[in-house]
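A.B. asks: how would this look folded up:
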Amino acid sequence: MRIGVTYDLRSDYLALGLSPEETAEFDSEITIAAICSALESLGHAPVRIGGVRKLAARLVGGERWDAVFNICEGLKGLAREAQVPALLEAYDIPYVFSDPLTLALALDKGMTKRILRAGGLPTPDFAVIERIEDAEDIEIPYPLFAKPLAEGSGKGIDAASRIADRAGLLRTAKDLLTRFRQPVLIETYLPGREFTVGIIGSGSEARALGVIEVASTENAVEHSYGYENKERFEEKILYTLAEDAAAKEAEAVALAAWRALRCRDGGRVDIRFGSDGKAYFLEVNPLAGLNPERSDLVFIARFKGIAYRDLIAEILESFCRRHPEVRSAPTA
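C.D. replies: Residues are numbered from 1 along each chain as shown. As a prediction, this is how the structure comes out:
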């Protein structure tokens, strides 16, 4: 197959003056090169495209691909991750990973939790603050946890995210509203073990790739798997393969959430245990990082003895099961 690859390159946005935290979700050259190398080794012809504007220009110019491997995060708007797949659907080009509806929904953590709660899945009690006055109406018992409504890569999450009282709530909510210019998600703080579950496949065929526990070292920022801890994970985070009863419970909740949200092909679901000893859904990442050196989904695969090339192959195989018509497409 001739496979286009859509992505946002972090260095491009840093060159435009965006901060390291603002660009945390975007990909490195290492990631794009690794994906293209894996696709090529699988017998395909990868074609680098870039972000949504470059994609639009090439589509208007008449260029087409048998399929697109889409990891484009987008820059603007609460539905920014949906922009590339929506454009590809308009041109009837099949693509790897989730569709516009799922990507737009999953990025809005409040909407995601509403859907899952309506479906009976466990998620901590929550509220959304759209303006600082909304904080006055929060009735969830302390301690609380706060984060931007529609960010990834731990952006906006730090030691101040765990909130002990009303003064802390007002202070943290005001800071996040100002810095990120979007609503703030407030939820019950969960003190238990934290897991991230790698998932491969779509619908009833989806399966857990593996489960790793995420634990803080003594050097970590307290109470959070946030931006600083993720950026400096080598010294701040301890990852271990988890296969005990708690991991199995986390896996079951993660798979149920993945299917309920109609996620496709591959990604991750984050789970944390509450003071009641039960597993709760935190968030889903249907466009999980694929950096061969620092992404959680790749760590999970490595723990399970799966090479990077084979991880990409499994993701692509899920896509091909959804689109059997493209499986035998020529590479040129």
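A.B. asks: count of neighbours near residue 61?
C.D. replies: Residues within reach of residue 61, counting by other C-beta atoms under 10 Å, total 7. To be clear about C-beta, it is placed using only N, CA and C from the backbone, and glycine gets the same treatment.
A.B. asks: same check on the one 10 residues further on?
C.D. replies: Here the number of neighbours of residue 71 (other C-beta under 10 Å) works out to 22.
A.B. asks: residues contacting it?
C.D. replies: Residues in contact with residue 71 (C-beta atoms under 8 Å, 6 or more residues apart in numbering) are 5-7, 27, 31, 35, 97, 287, 290.
A.B. asks: okay, it: pLDDT?
C.D. replies: On pLDDT, residue 71 comes in at 97.
A.B. asks: and it, how far from residue 33?
C.D. replies: 13 Å (C-beta to C-beta, to the nearest Å).
A.B. asks: which residues are in contact with the residue nearest in space to the middle of the chain?
C.D. replies: Closest residue to the average C-alpha location of the chain: residue 285 at 2.4 Å, with C-alpha atoms, centre = their mean. Taking C-beta under 8 Å, 6+ apart, we find residue 285 in contact with 106, 152, 267-270.
A.B. asks: go on, residue 117?
C.D. replies: Residue 117 makes contact with residue 123, according to C-beta under 8 Å, 6+ apart.
A.B. asks: what segments of the stretch 101-250 of the chain are helices?
C.D. replies: Along the stretch 101-250 of the chain, counting by DSSP state H, counting those that start in this stretch, helices occupy 109-118, 166-180, 227-231, 233-236, 245-260.
A.B. asks: weakest of these by average pLDDT?
C.D. replies: Mean pLDDT is lowest for helix 227-231 among the helices of the stretch 101-250 of the chain, at a mean of 67.
A.B. asks: what pairs with the spatially closest residue to residue 253 that is not a sequence neighbour across the strands?
C.D. replies: Spatially, and ignoring its direct neighbours in sequence, residue 253 is nearest to residue 279 (4.9 Å; C-beta to C-beta, 6 or more residues apart in numbering). According to DSSP bridges, the residues that bridge with residue 279 are residue 273.
A.B. asks: so where's the protein uncertain?
C.D. replies: By pLDDT under 70, the weakly predicted segments of the chain are 153, 220-227, 229-231, 328-332.
A.B. asks: per-domain residue ranges of it.
C.D. replies: The record's domain parsing of the chain by automatic domain parsing lists 2-97, 123-188, 194-321.
A.B. asks: could those be laid out in TSV, adding distance to residue 116?
C.D. replies: Formatted as TSV, those follow (distance: least, C-beta to C-beta, whole Å):
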stretch	distance to residue 116
domain 2-97	18
domain 123-188	5
domain 194-321	6
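A.B. asks: among the ones you listed, which is nearest residue 114?
C.D. replies: domain 123-188 (8.8 Å; C-beta to C-beta).
A.B. asks: all strands for this protein, in order.
C.D. replies: Per DSSP state E, the chain carries strands over the ranges 2-6, 45-50, 67-70, 95-96, 126-129, 144-148, 162-163, 184-188, 194-200, 207-216, 237-241, 266-273, 279-285.
A.B. asks: using a markdown table, please lay out the ones you listed together with distance to residue 250.
C.D. replies: Formatted as a markdown table, the strands of the chain follow (distance: least, C-beta to C-beta, whole Å):
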| stretch | distance to residue 250 |
| --- | --- |
| strand 2-6 | 31 |
| strand 45-50 | 34 |
| strand 67-70 | 27 |
| strand 95-96 | 25 |
| strand 126-129 | 19 |
| strand 144-148 | 18 |
| strand 162-163 | 21 |
| strand 184-188 | 17 |
| strand 194-200 | 4 |
| strand 207-216 | 6 |
| strand 237-241 | 13 |
| strand 266-273 | 4 |
| strand 279-285 | 5 |
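A.B. asks: any idea which of the ones you listed gets closest to residue 22?
C.D. replies: Ranking the strands of the chain by proximity to residue 22 (C-beta to C-beta) places strand 144-148 first, at 11.6 Å.
A.B. asks: quick check: the gap between residue 197 and residue 118.
C.D. replies: 21 Å.
A.B. asks: check residue 212 too.
C.D. replies: Taken as C-beta to C-beta, the span from residue 212 to residue 118 is 29 Å.
A.B. asks: which one's more surrounded, those two?
C.D. replies: The neighbour comparison of residue 212 against residue 118 (other C-beta under 10 Å) goes to residue 212, with 24 against 9.
A.B. asks: which residues touch the more buried one?
C.D. replies: Applying C-beta under 8 Å, 6+ apart, the residues near residue 212 are 195-196, 198, 239-242, 296, 299-300, 303.
A.B. asks: closest to residue 327 among those?
C.D. replies: residue 198 (23.9 Å).
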